[in-house]
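Novice: need a 3D model of the following:
(2 chains)
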There are 2 protein chains.
Amino acid sequence: MVKILTYFIAIFLLIGCKNEEESSSETVKITEKAQKTEENFGIVIHGGAGTILKENMSDSLEAAYKSKLKEAISAGYEILKNGGTSLDAVTHTINIMEDSPLFNSGKGAVFTHDGTNELDASIMDGATLNAGAVAGVKHIKNPIDLARDVMQKSEHVMLYGAGAEEFAQILGYKMMDTSYFYSQNRYESLHRVLEKEKEKGENQVSFNDPFIKNSKFGTVGCAALDKQGNLAAGTSTGGMTNKRWNRIGDAPIIGAGTYANNATCAVSSTGWGEFFIRSVVAYDISALMEYKGMTLQEAASEVIQKKVPALGGDGGIVAIDKDGNVAMEFNTAGMYRATMNSEGKLIIKIYKE
Amino acid sequence: MVKILTYFIAIFLLIGCKNEEESSSETVKITEKAQKTEENFGIVIHGGAGTILKENMSDSLEAAYKSKLKEAISAGYEILKNGGTSLDAVTHTINIMEDSPLFNSGKGAVFTHDGTNELDASIMDGATLNAGAVAGVKHIKNPIDLARDVMQKSEHVMLYGAGAEEFAQILGYKMMDTSYFYSQNRYESLHRVLEKEKEKGENQVSFNDPFIKNSKFGTVGCAALDKQGNLAAGTSTGGMTNKRWNRIGDAPIIGAGTYANNATCAVSSTGWGEFFIRSVVAYDISALMEYKGMTLQEAASEVIQKKVPALGGDGGIVAIDKDGNVAMEFNTAGMYRATMNSEGKLIIKIYKE
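Specialist: Model prediction:
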């Protein structure tokens, strides 16, 4: 009887041990997953794509770009590292680029045909699929902030020009004097473009002249994944030098210039806006992942290396997926870009490599 | 020798015959395909979706809507039947609805918060993936025509307000006096909405009050397949009663309000624009077909019955695919809609059935 009892106790203990082993291995797994999620944040930015060639760039200018890209991405990285939201990381990172005259957004915005600066921006929250955008604003220092307020403080997605600024004023935004956006080199660019138009005796040569075409690039953008697993993306631009007729490009168009969805990825575009709108670039990358099971890199490559060029367009994107994988894809000579992963590894690049 | 020669000649003839057979069978195939394509045209339209209930509709008003829908779709059908392009069918069909005060587009446009009319429209060519859009125009009788001219006569996709009208003036468009867009009932609607806002003591109640929410519907749109196998879609609207801050809805956004691609389908949306932008409605239907192999009806149902309501939005779409299949999908009480296939079969409906 004792023998039998001992036998049962032995078996019981064995089963108990096995269970304990199983549950302890499960605990390890859960801990690993939690740690992985906790660590699994990241950020990626662009400062525009175009005919950016090493031979046309001075060492000091290259250093200035790299330094500003580093400053911008580090600000977003710190927010994410400290448990902040991807929306905050995207907004503050873009603010730094908007405030720099190096990029075609905020302070560095290019000039329209009429010698004004018209700014566009958009942002999307991958957790809620909420989105906000402004286009054609002329007195807003940081259009990405206003896009975010349209998303979070209005029932709208997209506001234009004077109306968007009226909304901004209700929220207490300072209206900047247009002189804030003036930069000598951008103004000279406009006049070079206007001279070119005059020489050729036609309007709208901008699209076919490589010199002028290039001058429209320089949009900034950011995509980020935070520790909570939430994705966000934002884009801010001054549009195209010599643009007229209140042209709206892809930057403020949700689905074209910006898209974010926690189920897939967050994307910010930069390039020839008309082709990016027609190709629904940012959403298409998400759709290829969700519906065709492509990886982020495969989807980005499909859209930027095949679909957009097939229509005749060029430019690039930066994107990050829900697992923290990053894509920086472009079909131009260069794209100002940087990324930092959860381990703090920083990559900054300008040219093709 | 003669035998051998005869043998070779026989073989040669046999090969010849086989080739002829093959090529004649190919000819038959081509003819069949051509005939199939020739027959396979169709058109579908909407005049807005919303709380359209039989108990709220007089017989005479219902008859007026049905008569105008019939007039509009018949005009497009005749163009297609006579070998015209889907772009022409879409444009002319929408023109008839724009010119009618029954719909919230062109002459029947609703009033903004400031008592003006701001019109939006977009069009897309499925053969070239070219697209055009205008938003916030105030003096254009037929905004869909201007959207088409932006597509075909400029390098741009999207122009706004005064800039879009400057482009129109270069093309010789007549600038309409704003009084053309005035309609007593739309103006009264605005004032009812403003009263409601005053009562509730807050701005922007429009989105949460069912009466006001409903007043924003009434966008018109059309999708067509022509005998050449080319798809096109277009959308035209006055936007939302009491809209302010130069709000842009989904109608002029390529991918949200309008999308066309010969590889899949042509779609025009109508509904709560903000949700349609966030859901990239029109392109998503195309993507579900292209990437997941859904039929048009499955894709339309997935987006309109599941994805848009999941975010809290409502509205509908009309669409036609490359084989002439039609979808008229909505999640509201009703949608003014009609379709005609290549056999001339006409369906006109208003309510759910």
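
Novice: pretty sure A:Val318 is in a helix, no?
Specialist: No. Per DSSP: H, G, I helix; E, B strand; the rest coil, A:Val318 lies outside any helix segment and is strand.

Novice: report the beta-bridge partners for it.
Specialist: Listed by DSSP bridges, the beta-bridge partners for A:Val318 are A:Ser268, A:Met328.

Novice: same question for A:Val44.
Specialist: In this entry, A:Val44 is beta-bridged to A:Ala223, A:Thr339, by DSSP bridges.

Novice: low-confidence ranges in chain A?
Specialist: By pLDDT under 70, the low-scoring segments of chain A are A:1-38, A:201-217.

Novice: now the helices for it?
Specialist: A:2-39, A:59-81, A:86-98, A:143-153, A:161-170, A:184-200, A:210-214, A:273-278, A:281-292, A:296-301, A:308-311 (DSSP state H).

Novice: B:His92: which of those helices is closest?
Specialist: Closest to B:His92 of those, according to Cβ to Cβ: helix A:273-278, at 23.4 Å. Every residue, glycine included, has its C-beta placed from N, CA and C.

Novice: just how off-centre is the closest one within its chain?
Specialist: Offset of helix A:273-278 from its chain centre (Cα atoms, centre = their mean, to the nearest Å): 16 Å.

Novice: how is chain A divided into domains?
Specialist: Here the domain parsing of chain A from automatic domain parsing is A:1-38, A:41-351.

Novice: got those as CSV, with mean neighbour count columns?
Specialist: Formatted as CSV, the domains of chain A follow (neighbours: other Cβ atoms under 10 Å in any protein chain shown):
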stretch, mean neighbour count
domain A:1-38, 10
domain A:41-351, 22
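
Novice: quick one, what contacts A:Phe103?
Specialist: Counting by Cβ atoms under 8 Å, 6 or more residues apart in numbering or on different chains, A:Phe103 makes contact with A:47-48, A:68, A:97, A:218-220, A:336.

Novice: kindly indicate which of those residues lies nearest A:Glu62.
Specialist: Among these, and counting by Cβ to Cβ, the member closest to A:Glu62 is A:Tyr336, at 10.1 Å.

Novice: how far away is that closest one from chain B?
Specialist: 25 Å (Cβ to the nearest Cβ, to the nearest Å).

Novice: excluding its backbone neighbours, what's nearest whichever residue of the stretch 201-350 of chain A sits closest to chain B?
Specialist: Across the stretch 201-350 of chain A, the shortest distance to chain B (Cβ to the nearest Cβ) belongs to A:Asn246, at 2.8 Å. Among residues not flanking A:Asn246 along the chain, B:Gly163 sits closest, at 2.8 Å (Cβ to Cβ, 6 or more residues apart in numbering or on different chains).

Novice: identify, from the contacts of A:Phe103, the entry nearest to B:Gly324.
Specialist: Nearest to B:Gly324 out of these is A:Thr219 (Cβ to Cβ; 40.4 Å).

Novice: OK, contacts around the residue nearest to A:Tyr336 when sequence neighbours are not counted?
Specialist: Distances taken as Cβ to Cβ, 6+ apart place A:Gly47 nearest to A:Tyr336, at 3.3 Å, with adjacent residues excluded. Contact analysis of A:Gly47 by Cβ under 8 Å, 6+ apart lists A:65, A:68-69, A:97, A:102-103, A:218, A:220, A:335-337.

Novice: still on that earlier bit, report the contact partners of the residue nearest to A:Asn246.
Specialist: A:244-247.
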